[in-house]
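Undergrad: Take a look and give me a structure for this.
(chains A, B, C and D)
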Number of protein chains: 2
Amino acid sequence: MPRGHRNGVRTNESIREAAANLFYQRGFEATSLRAVAADVGIQVGSLYNHINSKDDLLTEIMASIMDELVDRMNAALDAAGPGAVDRLVAAIDVHLRYHAQNAQKVFIGNSELRSLNDEQRKIVVTRRGRYEILMRELITSAAEESGVELLDARLQTYAILALGMHIASWFQAKSRIKLEHVVNVYTEVCLRQLDIPRPTG
Amino acid sequence: MPRGHRNGVRTNESIREAAANLFYQRGFEATSLRAVAADVGIQVGSLYNHINSKDDLLTEIMASIMDELVDRMNAALDAAGPGAVDRLVAAIDVHLRYHAQNAQKVFIGNSELRSLNDEQRKIVVTRRGRYEILMRELITSAAEESGVELLDARLQTYAILALGMHIASWFQAKSRIKLEHVVNVYTEVCLRQLDIPRPTG
DNA sequence: TTCACAAACTAACGATTGTTTGTTGTTGTA
DNA sequence: TACAACAACAAACAATCGTTAGTTTGTGAA
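TA: Next up, the predicted model:
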């Protein structure tokens, strides 16, 4: 590995990539920094030119997941039409796609929460709470617009979030099951359980 | 701790209880056998009078989850009426209740699969596959009986399994949300997404 | 009362862990 | 060409890990 300051950025990215991969495959605690370093192609000690600690590395990865998801969600909602059902459909679309396409990171986010310290966990949990509330508001608005009554807004929101969590546990990009098909079916599943008819046109 | 052979059974159970608790709270890799022993109230070495290895302890706990679930499922199906929809509703009921009431163990089962070696993982994965197939058959039968066409049997089965996985990640027995309510709402959610009407009577 | 066994104990082992340190080489800039 | 800054290195650290070994103590059956 060359030593100068040109490869800093590349190394930095490589570390986070390799770490995410290993955390997914073996879990955070089971992954040694020596394994991360070996994947990058440097020595253990050299990692500390790019990270503060192993814990911070995990926190960084987990926080980036929620940030990316929320960013995409906001972008999709900005681009969506004014109709509440349309907005909900757009949100479900982003939710499912993101969880499928970032299955590894999402799985880390779901299974390694306990590896964070109280402070770090609070940060991540708070962001999740906001995401959940956003989704619930989209659902209640869509229900109102459609003139249907919800069984239980919270639980029916959970049912949609559950699909994302589950999809991340099995979806593989190279699978025979095409993402488009999954999104189509799951979107229909969501609307059915909410009793909301698809918007016409 | 008394030493004779009277406390053997109690200790054995205590170890598995304490281990399941700690594996849930901290994760398998982050849990030291010293912590397990401390919770039980014995020394580390003494554990090996009751376990083969740390790996085996995890395997045992994970296998027992699937076994219990399948047992309860079979019992419920035996007790259910002959109607395919009735049988599906009974299965969903067991599925949801078990995942809620055994949230800790189920979470371990979902997050620590990677901590098993190939052989052990294969065993657990195979049992899961059978469970999935059973659930899918119940769904297709119920759909046929109701005269409705499924969008995608596999994905719609996943949507139901997802509810169990998700419920295990948040349900707490002492919560304000009552299990009966959750089961009622989620059962309705499942039937709606399958487009299957509730059986009359 | 004797005795085998179950189940606890203490103590140690080699390996691995995250992290720190001091040093060396490379790069871009002045 | 000289000089910081950056990023790699090698080597060591204290701590902790799963596991094993040998020993001690209590129990229940003969």
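
Undergrad: all contacts plus neighbour counts: C-alpha atoms, from now on.
TA: Will do.

Undergrad: need the residues of chain A near chain B, please.
TA: Counting by Cα under 8 Å from any Cα of the partner chain, chain A comes close to chain B at A:25-27, A:29-30, A:111, A:114-115, A:151-152, A:155-156, A:158-159, A:162-163, A:165-166, A:182, A:185-186, A:188-195.

Undergrad: Now the buried members of those residues.
TA: A:25-27, A:29-30, A:111, A:115, A:151, A:155-156, A:158-159, A:162-163, A:165-166, A:182, A:185-186, A:188-195 (16 or more other Cα atoms under 10 Å in any protein chain shown).

Undergrad: In helices, which of those residues appear?
TA: A:25-26, A:111, A:155-156, A:158-159, A:162-163, A:165-166, A:182, A:185-186, A:188-194 (DSSP state H).

Undergrad: all helices for chain A, in order.
TA: For chain A, the helices defined by DSSP H cover A:8-26, A:33-40, A:54-79, A:84-101, A:103-111, A:118-146, A:153-170, A:179-194.

Undergrad: Tabulate these (JSON lines), appending mean pLDDT and distance to B:Asn21.
TA: Listed next are those as JSON lines, based on pLDDT from 0 to 100; distance: least, Cα to Cα, whole Å:
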{"stretch": "helix A:8-26", "mean pLDDT": "90", "distance to B:Asn21": "21"}
{"stretch": "helix A:33-40", "mean pLDDT": "95", "distance to B:Asn21": "27"}
{"stretch": "helix A:54-79", "mean pLDDT": "93", "distance to B:Asn21": "23"}
{"stretch": "helix A:84-101", "mean pLDDT": "97", "distance to B:Asn21": "29"}
{"stretch": "helix A:103-111", "mean pLDDT": "90", "distance to B:Asn21": "15"}
{"stretch": "helix A:118-146", "mean pLDDT": "94", "distance to B:Asn21": "19"}
{"stretch": "helix A:153-170", "mean pLDDT": "96", "distance to B:Asn21": "23"}
{"stretch": "helix A:179-194", "mean pLDDT": "98", "distance to B:Asn21": "34"}
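
Undergrad: could I get those as a markdown table with distance to B:Arg176?
TA: Formatted as a markdown table, those follow (distance: least, Cα to Cα, whole Å):
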| stretch | distance to B:Arg176 |
| --- | --- |
| helix A:8-26 | 34 |
| helix A:33-40 | 42 |
| helix A:54-79 | 27 |
| helix A:84-101 | 28 |
| helix A:103-111 | 23 |
| helix A:118-146 | 18 |
| helix A:153-170 | 13 |
| helix A:179-194 | 23 |
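
Undergrad: Compare those helices and give me the one nearest DNA strand D.
TA: helix A:8-26 (3.0 Å; Cα to the nearest atom of the strand).

Undergrad: helices and strands around that closest one, which ones?
TA: Helices and strands touching helix A:8-26, by 3 or more Cα pairs under 8 Å, 6 or more residues apart in numbering or on different chains; DSSP states H and E, are helix A:33-40, helix A:54-79, helix A:103-111.

Undergrad: Could I get the CA-only coordinates of it as CSV?
TA: Presented in CSV, the C-alpha positions along helix A:8-26 are these (Å, rounded to 0.1, in the frame of the first residue of the first chain):
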residue,chain,number,x,y,z
GLY,A,8,-6.5,8.7,2.0
VAL,A,9,-10.0,9.1,0.6
ARG,A,10,-10.0,5.8,-1.2
THR,A,11,-8.8,4.0,1.9
ASN,A,12,-11.4,5.8,4.0
GLU,A,13,-14.2,4.5,1.8
SER,A,14,-12.7,1.1,1.5
ILE,A,15,-12.6,0.7,5.3
ARG,A,16,-16.3,1.6,5.6
GLU,A,17,-17.2,-0.7,2.8
ALA,A,18,-15.2,-3.6,4.1
ALA,A,19,-16.5,-3.0,7.6
ALA,A,20,-20.2,-3.0,6.5
ASN,A,21,-19.6,-6.2,4.6
LEU,A,22,-18.0,-8.0,7.5
PHE,A,23,-20.4,-6.7,10.1
TYR,A,24,-23.2,-8.1,7.9
GLN,A,25,-21.6,-11.4,7.4
ARG,A,26,-20.2,-12.1,10.9
